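Undergrad: Sequence and predicted structure, then a few things I'm wondering about:
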Amino acid sequence: MAETKIPAIKNIPAQIDTETKLALDSMKEALEVRLGRRGDPKDRAVTHRDLVDSGLATDLAKAPYNPNIAGATGFGPAADEVGDVTVPPSPTVLTAEGLFTEALLAWNQSTNSAPYKNHGFTEIWRSQNEDLSGAVLIGTTSAFIYTDKGLEYNRTYYYWVRFISTTNTPGTYSNMASATTIENISATMTSLSETIANMPGYSVLTSADTTTNNNVTTLSNSVTSLTSTVNGHTSSISSISSTQTNQGNDISAMYVLKVTAESNGTKTVAGMLLGSNASDGSSSSVVAFTADKFAVWNGNNAATAPFIISSNTVFIDSAMIQSAAITTARIADAAVSTAKIGDAQITTAKIADANITTAKIANAQITNALINDLDAGKINAGTISSARIDVDTLNVKFFANTSSKIYNHLSTSVAVPLIRYGSAIRGAGGTTTYTGSDDSFVPVTITSVRNNASYTAVLSAVLGNVNGGSVQWSLDNSNWTNASGGENDIYWNAGTYRGYVYTYQGQITGLSTSQSTVYWRVYFSGTYNHTHMQLHITMDNTT
């Protein structure tokens with residue numbers, strides 16, 4: 001229903017007794033205070049419409065004019081309304097992938113969104129056993145991917161997630177997903193190196209001693225050696241084949257091929273070890289090489305060795321790796337079909353097409369952003385420059401308690417107040433009679449006016465017999481236009497003085513880029529006869 005317009009309150013007639021006039025004046029003052037037309041605006045009465053429009057109450061469904069009547073349902077504080085407490089659905093297809101000391105979780109990846117309207121966030125639960133009852137809450141997120149950090153090496157963890165709505169209603173749990181963290185590569189390499197070093201023949205392979213047959217004790221062995229020495233410079237080629245067994249069923253077989261060179265006190269060794277052993281029901285084998293450089297060549301293309309080891313660094317020309325655990329990676333150019341990155345620090349990124357659930361950017365310089373759908377609820381900090389807001393309609397429910405201005409239409413725009421007001425009074429005491437013809441009264445000048453500003457003009461006067469009266473405005477104080485929305489030929493022939501109120505509403509047009517002042521007056525082209533007159537002008541620059 002449209003808002004009910006409240007009429008102006010007429011002045012108390014002068015031709016009444018003093019006691020009645022005092023009573024009516026006090027009632028008029030009290031009414032104007034409650035209507036907010038006089039005094040401090042904080043003393044204005046609050047209407048049911050005010051409560052509904054501000055969101056502090058809901059509209060009345062029954063007995064709309066009295067919330068105290070039985071059955072007047074629908075009235076009450078808006079905050080008392082019950083939110084949507086529907087139980088959220090289960091997250092779909094929870095997956096978990098183990099990293100070194102982290103686990104990367106993902107769910108609802110097909111849509112990257114929650115399948116219900118009032119989604120709040122997601123809880124992540126973890127257990128070291130495949131038992132939800134022993135799981136603990138380890139975190140929450142508004143995204144659909146989560147990285148669980150600070151885990152132990154080579155251990156399996158079990159995960160569940162569930163949605164929580166904006167009313168804090170928990171949903172049902174997802175499927176269980178497990179992730180096993182990767183073993184400590186450094187510790188594993190150290191352990192493997194110690195195991196190989198303990199294999200039979202390792203000391204023979206790494207030693208530069210040419211008397212290799214003294215380093216191995218076997219039940220059956222074959223040692224061949226070729227040595228040449230010139231002026232103290234010695235080179236040799238040795239091969240050892242050996243087998244060993246004992247009564248404890250410890251058996252081993254070994255083949256060692258080694259080449260050595262010694263010159264001026266410097267010894268170098270290159271060789272190969274093939275070994276196999278078994279003991280107490282367990283067995284192992286090893287192939288080991290020792291060399292400063294190791295390479296594998298392609299017999300059909302000798303231009304480049306596809307695999308080289310030099311100075312403890314491995315060089316691979318081309319590799320296909322199904323599953324890799326890399327502690328530190330430096331990739332100059334990567335083509336990745338699907339990537340799940342728990343924590344990334346990227347210096348320069350060029351992304352052709354990206355679907356990002358949650359982004360935290362401390363400082364971003366974006367040349368051109370095309371955002372198809374942005375929920376304004378996600379903007380909860382900072383300010384947006386007015387120059388960046390260019391829309392025909394701006395839906396604002398509430399304005400903060402601040403003094404706002406608006407730019408005017410001048411060639412060099414200037415910020416002006418949203419509302420402009422001015423007034424003038426003639427014959428304040430009401431004891432002087434003004435008569436004559438063709439004259440104007442109560443001039444009002446309003447500055448800082450925007451072109452197309454709307455106005456409300458209120459004329460209150462005590463008039464006798466008059467004719468040809470009107471309220472007028474001008475842009476140059478010379479050419480005058482009758483105000484719209486009211487009486488433009490005020491005429492009375494009552495033979496006595498009476499109080500009258502006239503209201504006008506319209507819009508100011510025609511202000512040039514160098515004009516921002518509007519002049520007002522009351523003009524009688526015929527006869528005038530009055531004891532009191534006041535003109536109030538309110539101009540709204542927001543239209």
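TA: Perfect, thanks for sending it.

Undergrad: mind checking the longest strand of this structure?
TA: For the chain, the strand reaching the highest residue count under DSSP state E is reported as strand 518-540.

Undergrad: Would you mark the buried spots in that strand?
TA: Applying a neighbour-count criterion of 16 or more other C-beta atoms under 10 Å, one finds 518-524, 527-539 buried in strand 518-540. Heads up, the C-betas are built off the backbone N, CA and C, glycines and all.

Undergrad: quick one: contacts of stretch 488-499?
TA: Under the contact criterion C-beta atoms under 8 Å, 6 or more residues apart in numbering, stretch 488-499 has outside partners 10-15, 460-470, 482, 500, 502, 524, 530-531.

Undergrad: hmm, 7 Å instead?
TA: Stretch 488-499 has contacts (C-beta atoms under 7 Å, 6 or more residues apart in numbering) with 10-11, 13, 462-470, 482, 502, 531.

Undergrad: Also stretch 513-526?
TA: 408-411, 437-449, 457, 459, 466-475, 477, 480, 508, 533, 535, 537.

Undergrad: From those residues, which land in strands?
TA: By the criterion of DSSP E, membership of the contacts of stretch 513-526 in strands covers 437-446, 457, 459, 466-474, 480, 533, 535, 537.

Undergrad: Could I get the full set of helices for the stretch 1-150 of the chain?
TA: In order along the chain, the stretch 1-150 of the chain carries the following helices (DSSP state H, counting those that start in this stretch): 18-34, 48-53.

Undergrad: Check these for me: which has the lowest mean pLDDT.
TA: Ranked by mean pLDDT, the helices of the stretch 1-150 of the chain bottom out at helix 48-53, with a mean of 76.

Undergrad: Please work out the average pLDDT along stretch 512-532.
TA: The average of the pLDDT scores along stretch 512-532 is 94.

Undergrad: CA atoms only: put that stretch into CSV for me.
TA: Output in CSV follows, covering the C-alpha atoms of stretch 512-532 (Å, rounded to 0.1, in the frame of the first residue of the first chain):
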residue,chain,number,x,y,z
SER,A,512,23.4,25.8,-17.7
THR,A,513,26.8,24.5,-16.8
SER,A,514,27.6,27.9,-15.3
GLN,A,515,24.3,28.3,-13.2
SER,A,516,23.5,26.8,-9.8
THR,A,517,21.3,29.4,-8.2
VAL,A,518,17.5,29.4,-8.1
TYR,A,519,15.4,32.5,-7.1
TRP,A,520,11.9,32.3,-5.5
ARG,A,521,9.1,34.7,-4.8
VAL,A,522,5.4,35.1,-4.2
TYR,A,523,3.8,37.4,-6.8
PHE,A,524,0.4,39.0,-7.1
SER,A,525,-0.5,40.3,-10.6
GLY,A,526,-3.8,41.6,-9.2
THR,A,527,-4.6,43.0,-5.8
TYR,A,528,-3.0,41.8,-2.6
ASN,A,529,-4.2,42.1,0.9
HIS,A,530,-2.4,40.2,3.7
THR,A,531,-1.2,40.5,7.3
HIS,A,532,1.2,37.6,7.3
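
Undergrad: Please tell me how far that stretch is from the chain's geometric centre.
TA: Centroid displacement of stretch 512-532 relative to its chain, using C-alpha atoms, centre = their mean, to the nearest Å, is 54 Å.

Undergrad: Over to stretch 161-172?
TA: Taking the mean of its C-alpha atoms, stretch 161-172 sits 21 Å from the chain's own mean (C-alpha atoms, centre = their mean).

Undergrad: And the contacts of that stretch?
TA: 83-85, 87-91, 94, 107, 114, 118-125, 173-174.

Undergrad: from those residues, which would you call buried?
TA: Buried among these by 16+ other C-beta under 10 Å: 88, 90-91, 94, 107, 114, 119-120, 122-125, 173-174.

Undergrad: re earlier: could you identify the pair within the contacts of stretch 488-499 that is furthest apart?
TA: Between all members of the contacts of stretch 488-499, the longest pairwise span (C-beta to C-beta) is found for 13 and 482 and amounts to 28.1 Å.

Undergrad: Most tightly packed of the helices of the stretch 1-150 of the chain?
TA: With neighbours defined as mean count of other C-beta atoms under 10 Å, these peak in mean count at helix 48-53, which reaches a mean of 14.

Undergrad: Pull out the CA atoms of that helix and give them to me as PDB.
TA: These are the backbone C-alpha positions of helix 48-53, laid out as PDB (Å, rounded to 0.1, in the frame of the first residue of the first chain):
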ATOM      1  CA  HIS A  48       4.700   0.900  11.900                       C
ATOM      2  CA  ARG A  49       5.800   1.800   8.400                       C
ATOM      3  CA  ASP A  50       9.200   3.000   9.700                       C
ATOM      4  CA  LEU A  51       9.700  -0.300  11.600                       C
ATOM      5  CA  VAL A  52       8.900  -2.400   8.500                       C
ATOM      6  CA  ASP A  53      11.000  -0.300   6.100                       C
END
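
Undergrad: what distance separates that helix from the centre of its chain?
TA: Counting by C-alpha atoms, centre = their mean, helix 48-53 is centred 32 Å from the centre of its parent chain.

Undergrad: And stretch 135-155, by the same measure?
TA: Counting by C-alpha atoms, centre = their mean, stretch 135-155 is centred 22 Å from the centre of its parent chain.

Undergrad: and if you look at stretch 104-114?
TA: The chain centre lies 18 Å from the centre of stretch 104-114; the measure is C-alpha atoms, centre = their mean.

Undergrad: Please enumerate the strands of the stretch 251-400 of the chain.
TA: In the stretch 251-400 of the chain, the segments counted as strands under DSSP state E, counting those that start in this stretch are 251-263, 266-279, 282-290, 293-296, 307-310, 313-316.

Undergrad: Let me know which of those strands is tucked in deepest.
TA: Neighbour counts averaged per stretch over those are highest for strand 251-263, at a mean of 18; criterion: mean count of other C-beta under 10 Å.

Undergrad: now that strand and strand 266-279, what's the angle there?
TA: Counting by axes from the mean of the first three to the mean of the last three C-alpha atoms, to 10 degrees, strand 251-263 lies at 180 degrees to strand 266-279.

Undergrad: what about strand 251-263, average pLDDT?
TA: Strand 251-263 carries an average pLDDT of 82.

Undergrad: in its sheet, what does it sit against?
TA: Note on strand 251-263: by DSSP bridges, its sheet partners are strand 233-245 (antiparallel), strand 266-279 (antiparallel).

Undergrad: Where among those strands is average confidence lowest?
TA: Taking the mean pLDDT of each of those, the lowest value is held by strand 233-245, a mean of 78.

Undergrad: Please name the nearest non-neighbouring residue to residue 105.
TA: What sits nearest to residue 105 in space, not counting adjacent residues and going by C-beta to C-beta, 6 or more residues apart in numbering, is residue 146, at 4.6 Å.

Undergrad: ok, the one you found touching residue 123?
TA: No: the pair residue 146 / residue 123 is not scored as a contact, 10.0 Å apart, by C-beta atoms under 7 Å.

Undergrad: picking that back up, could you check how many residues crowd around the residue nearest to residue 105?
TA: Other residues near residue 146 number 21, with proximity taken as other C-beta atoms under 10 Å.

Undergrad: circling back to that earlier point, can you tell me which of the helices of the stretch 1-150 of the chain comes nearest to residue 278?
TA: When these are ranked by proximity to residue 278, the top entry is helix 48-53, at 88.8 Å, counting by C-beta to C-beta.

Undergrad: and that closest one, what does it pack onto?
TA: Helices and strands in packing contact with helix 48-53 are not found; criterion 3 or more C-beta pairs under 7 Å, 6 or more residues apart in numbering; DSSP states H and E.

Undergrad: and residue 178, what element?
TA: Taking DSSP states H and E as the criterion, the element that holds residue 178 is strand 177-180.

Undergrad: pLDDT on that strand, on average?
TA: Across strand 177-180, the average pLDDT comes to 94.

Undergrad: Read off the pLDDT value for the residue of the chain positioned farthest from its centre.
TA: Among the C-alpha atoms of the chain, the one farthest from their average position, using C-alpha atoms, centre = their mean, is that of residue 231, at 79.7 Å. Turning to residue 231, the model gives it a pLDDT of 77.
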